[in-house]
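Q: predicted model follows, preceded by the sequence.
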Amino acid sequence: MTTEALHSASTDLASKSTFQSYKDIVQENDLVLIWISRDHIKPVVMKHGENFNTRYGTFPHTSIIGKPYGSQIATRTAKANKFGFIHVLQPTAELWTLSLPHRTQIVYTYDSSYIMNRLRLGPNSTIIEAGTGSGSLSHQLARTCGKVLTYEFHEVRCEQAKQEFKEHGLLEEDNGNLVITHRDVCNEGFKLNDRDCEASAVFLDLPAPWDAIPHLNTQGILKKNEKVSVCCFSPCFEQVDKTLKALKENGWQEIEMVEIQGKNFESRRQMVRTLDDAINILKDQKERKDAGIEKRNKMNKKILTEAAKNSKTENQTENSATTSKDETKAEVEGSGTEADKQTDATEQSPQLKKPKFNPFGKGFKVKEGDLNYNWIQVSKMESEIKSHTSYLTFASKIYDMKRETEPNDQ
Ligand SMILES: C[S@@+](CC[C@H](N)C(=O)[O-])C[C@H]1O[C@@H](n2cnc3c(N)ncnc32)[C@H](O)[C@@H]1O
């Protein structure tokens, strides 16, 4: 497809949020995710006349609008005559999780992918989520599920999340599939004013899920005659303990707790180091150390000589009439002359050798894969893991009509 054809195809989708449907060409008012580096992705709305500033240079939005998603955009850096690069990406739920403004701890993709699989979520699922927090999981749920009913009791957070969902076209009122409700679910439960929830799955990321669990028994909250699954996300084992108790007391079965520890392994080449390399580098280090000591000794000698010279001049002024001291002075002068010679010598102090290539870390750098050296392929685990490790407690039940009359019901 030509760029023009791609452009016209994506015009049809212009009104739809990029979270809901794919498009090819960046258009004005699109929310794009700008990939600056692996740890730095920025959400930006494209506007003609505006600039995106990075430490690598300034990128006018006009240079991005009209380009296919995924493009690399270059700009000349301000100081050196070099180029800075960014990549312009279409928002996805996973990329949003990496770039969203954090208002709370969030659920990362390692956990959310496992949670969605275990809860068997799909287009026919209706899921209850509490609390909404920063909306990280909500975006993933909105893409997968038929309906997302999310609850948040912090008013400001709830409003901010609602605004983001609106901008991303996720709200039911804008033909999306997500409803956000400002509610304390531990005290007021999940009941919506105008309809039953009929949820097929529940996800609770709350400090006290055990207070919310009894409210799931209220008629109309869970789907009847169908296996419904719940997942509670808790960072502490004490919370898990209380949650297990509440689940059992409220008729949940198949209770199981798991912990996800997602780690990325990076594949790279590592230089092959031999015993000779080690011996050479030790010799090199010793030579440079000896040269350093020699230089320092000469410097110290020079300082001492200059100090002696200065004190001699002072003595000369103070005691110019004393004969016995004159003799001493002559000696000092003698040594002064000698010292001057030495000073001259120190000025030609040995040059420190430039560090050679050091395969053990220090010294000048060699580009990975340089054909002058031997390399082996290795895998390394990422140093910083972007995952908020929590315990995931799963359970399931088939909604029991008898429970509608229990004291916990509303
Ligand atoms: C850790 S955050 C949830 C993060 C979210 N899962 C995400 O991925 O962005 C927990 C949220 O639950 C909300 N919360 C705590 N207790 C609540 C309650 N009783 N009812 C509703 N929301 C509650 C908090 O205000 C907070 O925003």
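A: Everything's here; your move. Numbering: from 1, shown residues only.
Q: when you work out contacts or count neighbours from here on, use the C-alpha atoms and nothing else.
A: Will do.
Q: low pLDDT regions in the stretch 251-400 of the chain?
A: Applying pLDDT under 70 to the stretch 251-400 of the chain picks out residues 317-364, 384-388, 400.
Q: residue ranges for the helices of it, please.
A: Using DSSP state H, counting those that start in this stretch, the helices found in the stretch 251-400 of the chain span residues 275-318, 323-347.
Q: off-centre distance for the longest one?
A: Looking back up the chat, that one is helix 275-318. Counting by C-alpha atoms, centre = their mean, to the nearest Å, helix 275-318 is centred 48 Å from the centre of its parent chain.
Q: in which helix or strand would I find the residue in the stretch 201-350 of the chain positioned nearest to the ligand?
A: Closest to the ligand within the stretch 201-350 of the chain is Leu206: 4.8 Å, counting by C-alpha to the nearest ligand atom. Leu206 belongs to no helix or strand when assigned by DSSP states H and E.
Q: hmm, Ala130 and it touching each other?
A: Yes: in this structure Leu206 lies within contact range of Ala130 using C-alpha atoms under 8 Å: 6.6 Å.
Q: the more surrounded of those two?
A: Neighbour totals were compared for Leu206 and Ala130, and Ala130 leads with 27 against 21 (other C-alpha atoms under 10 Å).
Q: near the ligand, which residues of the stretch 201-350 of the chain?
A: Counting by C-alpha under 6 Å from any ligand atom, the stretch 201-350 of the chain comes close to the ligand at Asp205, Leu206, Pro207.
Q: repeat for the stretch 51-200 of the chain
A: Within the stretch 51-200 of the chain, the positions adjacent to the ligand are 104-107, 130-137, 151-154, 183-186 by C-alpha under 6 Å from any ligand atom.
Q: domains in this structure, by residue range?
A: With domains defined by automatic domain parsing, the chain comprises 3-91, 95-262+389-405.
Q: among those domains, which is the most enclosed?
A: Of all those, domain 95-262+389-405 has the most neighbours on average by mean count of other C-alpha atoms under 10 Å, namely a mean of 19.
Q: chain center to it, what's the gap?
A: Distance, stretch centre to chain centre, for domain 95-262+389-405: 25 Å (C-alpha atoms, centre = their mean).
Q: moving C-terminal of whatever helix or strand His139 lives in, what's the next helix or strand?
A: Assigned by DSSP H and E, His139 belongs to helix 136-144. Remark: after helix 136-144, the chain's next helix or strand is strand 147-152, criterion DSSP H and E.
Q: now that following strand against helix 136-144, angle please.
A: Strand 147-152 runs at 170 degrees relative to helix 136-144, counting by axes from the mean of the first three to the mean of the last three C-alpha atoms, to 10 degrees.
Q: other residues contacting the following helix or strand past strand 147-152?
A: Later in the chain than strand 147-152, the nearest helix or strand by DSSP H and E is helix 155-167. Residues outside helix 155-167 that contact it (C-alpha atoms under 8 Å, 6 or more residues apart in numbering) are Ser17, Arg103, Thr132, Gly133, Ser134, Gly135, Glu152, Leu171, Asp174, Ile180, Thr181, His182.
Q: what's the lowest-pLDDT member of the residues you listed?
A: Within the contacts of helix 155-167, the minimum per-residue pLDDT falls on Ser17 (67).
Q: roughly how far apart are the residue nearest to His87 when sequence neighbours are not counted and the ligand?
A: Nearest non-adjacent residue to His87, counting by C-alpha to C-alpha, 6 or more residues apart in numbering: Gln72, 4.5 Å away. Distance, Gln72 to the ligand, by C-alpha to the nearest ligand atom, to the nearest Å: 30 Å.
Q: looks like Gln72 contacts Leu89 (just checking).
A: No: Gln72 lies out of contact with Leu89 (C-alpha under 8 Å); the separation is 9.4 Å.
Q: just to revisit the earlier point, now for the helix holding His139, which elements pack on it?
A: The contact analysis (3 or more C-alpha pairs under 8 Å, 6 or more residues apart in numbering; DSSP states H and E) places helix 136-144 against helix 93-99, helix 109-118, strand 147-152.
Q: so can I have CSV of the ones you listed showing distance to Cys232?
A: Listed next are the helices and strands packed on helix 136-144 as CSV, based on distance: least, C-alpha to C-alpha, whole Å:
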stretch, distance to Cys232
helix 93-99, 19
helix 109-118, 10
strand 147-152, 14
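Q: distance of the residue nearest to Gly146 when sequence neighbours are not counted from the ligand?
A: Of all residues not flanking Gly146 in the chain, Pro123 sits nearest, at 4.4 Å (C-alpha to C-alpha, 6+ apart). Remark: distance between Pro123 and the ligand (C-alpha to the nearest ligand atom) = 20 Å.
Q: my guess is Pro123 is in a helix, correct?
A: No: read with DSSP: H, G, I helix; E, B strand; the rest coil, Pro123 is coil and lies in no helix.
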